[in-house]
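In: Sequence first, predicted model second:
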Amino acid sequence: MEQNNIILSFKGAITSELLTSVLQIMEAKMDDLNESTKTKRKVFNVLVECLQNLYHHIDDFEVTGSAEEISKKKSAVFLISRNDGFYRVVTGNFLLDENVPKLTDRIDLINSMDRSELNAFYKSVLNNGEMSAKGGGGLGFIDIAKKSKQKLEYNFEKVDDVHSFFTLIVKIEQL
């Protein structure tokens, strides 16, 4: 972990208490690293959005098998690293294969936009007022891209006949 400059990593169930603790830990770590207020704010904002995505959007699906298999597919991972002038927030969770195309299309659309297009898209989605089944309006990835000012990196790894593992990597430049 030290060789890869990993500041914090976690694997397990995501709870609201965990989110609060992670944010407190990261705030203290960035203070210890003497990060600029601007960098702290950007990293913190992206981290909040990424963790909320994990908390709110882990697919609800029936998992059968051993306790270990059930625990594995119902958990998520995240890590925060700092190197080469960037913070990296990496999140990962299982999801149903049927959701992969929609998620891929959404991230690819966001990645295809320049700054002004992203701002206009954000306002359009915000004013649209549609809410997903999970209560969000679809602003999460847009907000992450706006705040990080970077393209969102992602990957889907097929796990079994109906599940894939989704990994999101967000880079935030140190200022």
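Out: Arrived safely, thanks for sending. Everything quoted here is computed from the prediction, not taken from an experiment.
In: So what pairs up with Glu157 in the strands?
Out: Beta-bridge pairing for Glu157 (DSSP bridges): Phe165.
In: centroid residue for the protein?
Out: For the chain, the residue nearest the mean C-alpha position is Cys50 (3.0 Å; C-alpha atoms, centre = their mean).
In: Report the contact partners of it.
Out: Residues in contact with Cys50 (C-beta atoms under 8 Å, 6 or more residues apart in numbering) are Phe78, Val89, Thr91, Ile144, Leu168, Val170. Every C-beta, even on glycine, is put in place using the N, C-alpha and C of the backbone.
In: secondary structure class for Leu168?
Out: strand (DSSP: H, G, I helix; E, B strand; the rest coil).
In: Asn34 versus the residue nearest to the centre of the chain, what's the distance?
Out: 23 Å (C-beta to C-beta, to the nearest Å).
In: And for Asn5?
Out: 16 Å.
In: of the two, who's got more company?
Out: Asn5 (13 against 8; other C-beta atoms under 10 Å).
In: Is the residue nearest to the centre of the chain located within a helix, as I assumed?
Out: Yes - counting by three-state DSSP, Cys50 falls inside a helix.
In: which ones are touching Thr39?
Out: Taking C-beta under 8 Å, 6+ apart as the test, what Thr39 contacts is Met30, Tyr87, Ile172, Gln174, Leu175.
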